[in-house]
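> everything below, folded, please.
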Amino acid sequence: MEQLAPLGLNLGYVVVQIVGFLLLVLLMSAILYRPMLNMLARRKETIAEGLNNAREAEQALARAEADRQKILEEARTEAQRITSEATTRAQDAAKSMEKQAREEAQRIREQSQAEVTAERDRQLGDMRDQIISLSMAAANHLIGSSLDEKKQRQVVEEFFTAVPAGLKGAGDDVTVITALPLTDSEKGKFNKALGAKNVAYRIDPGILGGVVVRAGAQEVDASFRNQLTGMRASLS
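This is a model prediction of the structure:
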């Protein structure tokens, strides 16, 4: 105390000041410092949590973008598949419709041809007697003498329906082509002469007369058209 006296300091006063300062520090620490530290700690935790949430949000956004791209890619792939299937179905439908149209057109052509052929054959059948009569008159004119009508008819009918020789056993499936429709009795004569299981009859006025017989790859052409062709060849 004697040492502080020359300095003008009062020890009691100094002690009181020190104690007061310490109390102030303790009070400040209790009232402000610790709450401030706690607030700063909480703020730090909040910032860290916010940053963590931001990272999670960024990752979630990245995942969402990846999912969006994946969904878009799947949608594009599905759209391409649907478009491809629709195109294929449309092409198949168009081909099917075209095929049906062609088949229908072919059926109509075949039906029309069959109707035309049937009408031609019917008309030829109706005209058969007239054709035979004209042929008989032409034969009389060429021969220069008259034959009895029965003989004339026999000659003319044989001209149109004579069965070529040597066809017995030519095959099981035979096609007979004549210039005029055959009667049932004439077909019976062919069936007996050919001895085939199946005999189909066709009419072709273009052969003029006689008969063309086909059995598989074999053909016997005894038509008048073929005879005229041979005559022209021999005279040339």
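
> hang on, G171 in a strand?
No - G171: not assigned to a strand; according to DSSP: H, G, I helix; E, B strand; the rest coil it is coil.

> any idea how many residues pack against it?
When neighbours are counted by other CB atoms under 10 Å, G171 registers 18. (Each C-beta comes from the backbone N, C-alpha and C, glycine too.)

> need the phi and psi values for it.
phi 160, psi 170 (degrees, to the nearest 10).

> for it, give its distance to T117.
Per CB to CB, to the nearest Å, G171 is found 24 Å from T117.

> what do you get for Q69?
From Q69 to T117 the distance is 70 Å (CB to CB).

> quick one, which of those two is more surrounded?
Comparing Q69 with T117 by other CB under 10 Å, the one with more neighbours is T117, at 13 against 10.

> could you find the closest non-adjacent residue to that one?
Spatially, and ignoring its direct neighbours in sequence, T117 is nearest to I203 (7.7 Å; CB to CB, 6 or more residues apart in numbering).

> residue contacts, that neighbour?
I203 makes contact with 117, 120-121, 124, 177-181, according to CB atoms under 8 Å, 6 or more residues apart in numbering.

> 10 Å instead, please
Applying CB atoms under 10 Å, 6 or more residues apart in numbering to I203 gives the contacts 117-118, 120-121, 124-125, 176-182.

> just D204 next, same as before
For D204, the contacting residues are 117, 177-179, 212, 223, 225, by CB under 10 Å, 6+ apart.

> so S96, which state does it fall into?
Put simply, S96 is helix when judged by three-state DSSP.

> what about it, how many neighbours?
When neighbours are counted by other CB under 10 Å, S96 comes out with 10.

> likewise for Q123?
Count around Q123 with other CB under 10 Å applied: 11.

> what's the helix or strand for it?
Using DSSP states H and E, Q123 sits in helix 34-143.

> ok, now V220?
Assigned by DSSP H and E, V220 belongs to strand 218-223.
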